[in-house]
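>>> build me a model from this:
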Amino acid sequence: MLARLAAFSLVLLAGAFAADPLPADFEAALKSFRAEGTKGWSFVQSTASEKKSLVEHYDASKPEFSRWTLLKKDGRAPTEDELKEYNEKQTRRSRGDTAPDVTKQLDYATAERLSDDTERCAYRFHLKAGDKQDTTARFMVSTFTYHKPTHTIEKVELSNTEPFSPMFLVKIEEARTTIHYMLPDAERPTLLDHIEVRVRGRAMIFRSLDEDLTVKYSDYTYAGKTRPTPAAPQSK
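I've put the predicted structure just below:
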């Protein structure tokens with residue numbers, strides 16, 4: 001009898017911790033997902049926090065390291081020295097058309113359905129370490145919101161589940177990044193709309209790391225010769 005009860009308990013536990021199955025179209029959207037949006041589009045990027053702001057233009061038609069131009073700094077035209085410093089940094093700046101692929105770190109075995117209706121569904125995943133030096137992934141989860149009519153990812157949120165220390169004497173209480181995407185239409189494919197970043201933490205006990213940052217994307221233009229035709233949304 002005890003053996004049967006133990007076996008029954010194991011079955012119940014397995015069911016309780018089993019991942020929610022992913023719809024095939026949602027899983028396909030994850031595989032083709034690009035965090036930076038569709039390639040080949042130029043845009044204006046406006047970054048703002050409580051203490052500073054930056055407006056930049058990204059030209060996808062130019063060679064690497066020549067694609068970014070500083071338009072404004074802290075609400076005004078940049079000085080010659082600021083432009084020189086900015087341009088020097090571009091030789092060390094990562095490419096604007098490539099972003100870390102968080103989908104490769106998703107632990108599908110932890111998939112949890114948060115919502116599901118006729119237009120959208122949202123799933124949350126725990127993350128796997130990206131490499132041997134990655135000590136923060138185990139504290140993070142990522143939530144993907146899928147838009148069914150257009151078969152695209154509409155929102156991605158990366159957040160921590162508990163406080164963590166990414167390095168010595170640094171303690172992060174809250175870290176959340178939310179990325180919103182424009183839904184494709186007859187004029188354009190899916191593109192970045194805006195990003196919200198919130199961090200709460202301290203370094204060396206006394207130094208605050210608190211920051212709220214917003215990045216907005218606008219003035220999209222296609223940099224290629226022939227603009228690709230976006231897939232038409234499905235009718236409801």
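>>> residue ranges in this protein under the pLDDT threshold?
1-18, 92-99, 225-236 (pLDDT under 70).
>>> which residue is nearest the middle of it?
Nearest to the mean C-alpha position of the chain, counting by CA atoms, centre = their mean, stands Ile179 at 4.8 Å.
>>> ok, what's across the strand from that residue?
For Ile179, the beta-bridge partners are Val156, Ile195 (DSSP bridges).
>>> residue contacts, it?
Shown in contact with Ile179 (CB atoms under 8 Å, 6 or more residues apart in numbering): Ala35, Lys155, Val156, Glu157, Leu192, Ile195. For the C-beta atoms, the positions are set from N, CA and C on the backbone; glycine is no exception.
>>> pretty sure Pro78 is touching Leu70, no?
Yes - counting by CB atoms under 8 Å, Pro78 does reach Leu70; the two are 5.1 Å apart.
>>> overlap in contacts of those two?
Counting by CB under 8 Å, 6+ apart, the residues touching both Pro78 and Leu70 are Tyr86.
>>> related to what we said a few turns ago, so how far is Arg207 from the residue nearest to the centre of the chain?
Look at Ile179 and Arg207: by CB to CB, to the nearest Å, they are 27 Å apart.
>>> likewise for Pro78?
Relative to Arg207, and taking CB to CB, Pro78 is found at 28 Å.
>>> looking at these two now, which is surrounded by more residues?
Neighbour count, other CB atoms under 10 Å: between Pro78 and Arg207, Pro78 has more, with 18 against 10.
>>> OK, contacts around the more buried one?
Leu70, Leu71, Lys72, Tyr86.
>>> looking at these, which two lie furthest apart in space?
Spanning the widest gap among those are Lys72 and Tyr86, at 11.3 Å by CB to CB.
>>> which one of those two is surrounded by more residues?
The neighbour count for Lys72 versus Tyr86, taken as other CB under 10 Å, is higher for Tyr86 (17 against 14).
>>> apart from its chain neighbours, what residue comes closest to that one?
Excluding the flanking residues, the one nearest Tyr86 by CB to CB, 6 or more residues apart in numbering is Leu70, at 4.4 Å.
>>> what bridges to that neighbour?
Glu56.
>>> that one: what's it in contact with?
Leu54, Val55, Glu56, Pro78, Glu82, Leu83, Tyr86, Asn87.
>>> can you check Ser208 too?
Gly201, Arg202.
>>> ok, what's across the strand from it?
Arg202.
>>> and for the one 5 residues further on?
Applying DSSP bridges to Leu213 yields these beta-bridge partners: Val197.
>>> that one and Thr110, how far apart?
28 Å.
>>> same question for Lys216.
32 Å.
>>> any chance you could map the strands in this protein?
Here the chain has its strands, by DSSP state E, at 41-48, 53-58, 68-73, 106-116, 120-127, 140-147, 152-160, 170-182, 191-203, 207-208, 211-222.
>>> pull the distance from stretch 42-58 to the chain's centre.
In terms of CA atoms, centre = their mean, to the nearest Å, the centre of stretch 42-58 is found 17 Å from the chain centre.
>>> now what about it, what contacts it?
Contacts for stretch 42-58 (CB under 8 Å, 6+ apart): 59-61, 67-75, 96, 191-192, 211-223.
>>> drop anything exposed from those.
Among those, those buried by neighbour count (16 or more other CB atoms under 10 Å) are 60, 67-70, 73, 96, 191-192, 215-217, 220, 222-223.
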